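Visitor: Next input, structure requested:
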Amino acid sequence: MKKGFTLSEALITLGIVGCIAALTIPSIMKNYKKKVYVSQLEKAYSQITDAAQAVINDEFADSFYMSTAGVPSSCNSDMTKSKGACYFLNSYFKTVKTDCQSADSKDGGCLGTDYKSLDGSGVVNSSGINAEYCIQTTNNATICIYFDKDKGKTSALVDVNGPAEPNMAGLDTFSMDISSNGLVTDYDNGSVEAKDCGKKNSGSIYEMAAGCLNAVMEAGWKMKY
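Guide: Presented below is the predicted three-dimensional model:
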């Protein structure tokens with residue numbers, strides 16, 4: 001005659017299963033979110049690269065910085081008369097929001113209120129982010145572009161899930177530069193190494209996120225930190 005489990009044995013088993021679940025589920029969810037962020041980052045990276053090379057080809061320009069897109073931004077109701085970030089982001093991306101760097105913009109803001117360093121110790125308010133023009137794409141990513149006149153380069157800040165949390169450098173927020181040939185590199189021409197991703201907790205959000213694009217790409221489009 002087979003003997004079944006007693007009530008106390010069943011309760012103990014359920015308790016053990018519950019403890020294991022409590023320990024493993026948060027880790028599983030964290031890894032799942034990282035995979036989602038990386039997938040969204042890869043899409044945004046490809047979109048920016050494709051768009052930068054498209055504008056070079058469309059205008060038969062020798063470089064991105066000799067095109068209408070690679071100059072300081074100016075906006076005109078007739079987009080053909082616009083330049084820089086305004087022209088580039090409106091003409092080469094599918095958008096759901098435009099000119100949305102401010103929370104009170106006509107389409108509503110597309111940036112979070114605050115952006116944090118990877119360890120959470122540094123915080124930058126979105127009002128202090130250098131951005132000439134921002135859009136939110138149909139993939140829900142926010143892309144902001146800033147032309148640095150001193151360095152003569154275009155930098156992009158990408159929040160892969162728009163204004164939604166966690167708004168954290170290296171997790172859902174990345175910074176990058178557009179090279180003269182239309183290829184995209186990590187911020188500051190990729191000078192910050194992958195191993196330094198997340199080590200900066202002050203300065204601009206661009207600087208806080210520097211090195212993280214390299215880290216993800218060098219890991220085969222995986223977030224190993």
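Visitor: these two touch, right, Asp107 and Gln101?
Guide: No - at 10.8 Å, Asp107 does not count as touching Gln101 under the criterion of CB atoms under 8 Å. Just so you know, the C-beta spots here come from the backbone N, C-alpha and C atoms, and that holds for glycine as well.
Visitor: who has more neighbours, these two?
Guide: The residue with more neighbours, out of Asp107 and Gln101, is Gln101; 22 against 13, by other CB atoms under 10 Å.
Visitor: in a strand, that's where that one is, yeah?
Guide: No - the assignment for Gln101 (DSSP: H, G, I helix; E, B strand; the rest coil) gives coil, which keeps it out of a strand.
Visitor: Apart from its neighbours in sequence, what residue is nearest it?
Guide: The shortest distance from Gln101 to any non-neighbouring residue, by CB to CB, 6 or more residues apart in numbering, is to Cys134 (3.9 Å).
Visitor: helices or strands next to the helix or strand in which Asn214 is found in the packing?
Guide: According to DSSP states H and E, Asn214 maps onto helix 212-218. Contacts defined by 3 or more CB pairs under 8 Å, 6 or more residues apart in numbering; DSSP states H and E place helix 212-218 against helix 7-58, strand 173-178, strand 184-186.
Visitor: ok, residues contacting that helix?
Guide: Residues external to helix 212-218 that are found in contact with it (CB atoms under 8 Å, 6 or more residues apart in numbering): 38, 41, 45, 118, 169-170, 174-176, 185-187, 190, 192-195, 197-198, 222-225.
Visitor: Quick one: buried ones out of those residues?
Guide: Of all those considered here, the ones buried according to neighbour count by 16 or more other CB atoms under 10 Å are 38, 41, 45, 118, 169-170, 174-176, 185-187, 190, 192, 194, 197-198, 223.
Visitor: so what's the backbone phi/psi at Cys75?
Guide: For Cys75, the backbone dihedrals (degrees, to the nearest 10) come out as phi -110, psi 140.
Visitor: what's the pLDDT at it?
Guide: According to the prediction, Cys75 has pLDDT 91.
Visitor: ok, now the one 10 residues further on?
Guide: What the model reports for Ala85 is a pLDDT of 97.
Visitor: Counting neighbours, what do you get for it?
Guide: Ala85 has 28 neighbours, counted by other CB under 10 Å.
Visitor: do Asp150 as well
Guide: Other residues near Asp150 come to 5 when the count uses other CB under 10 Å.
Visitor: can you confirm it is in a strand?
Guide: No - when classified by three-state DSSP, Asp150 is found to be coil rather than part of a strand.
Visitor: Roughly how far does it sit from Asp188?
Guide: Using CB to CB, to the nearest Å, we find Asp150 at a distance of 13 Å from Asp188.
Visitor: residue contacts, Ala210?
Guide: By CB under 8 Å, 6+ apart, the contact list for Ala210 reads 175, 186-188, 192, 196-197, 200.
Visitor: typo on my end, it should be Leu89
Guide: Counting by CB under 8 Å, 6+ apart, Leu89 makes contact with 95, 98, 133-135, 143, 145.
Visitor: Check Trp221 too.
Guide: In this structure, Trp221 makes contact with 38, 42, judged by CB under 8 Å, 6+ apart.
Visitor: coming back round to it: where's the helix holding Asn214 relative to the chain centroid, distance-wise?
Guide: The gap between the average C-alpha position of helix 212-218 and the chain average comes to 12 Å, counting by CA atoms, centre = their mean, to the nearest Å.
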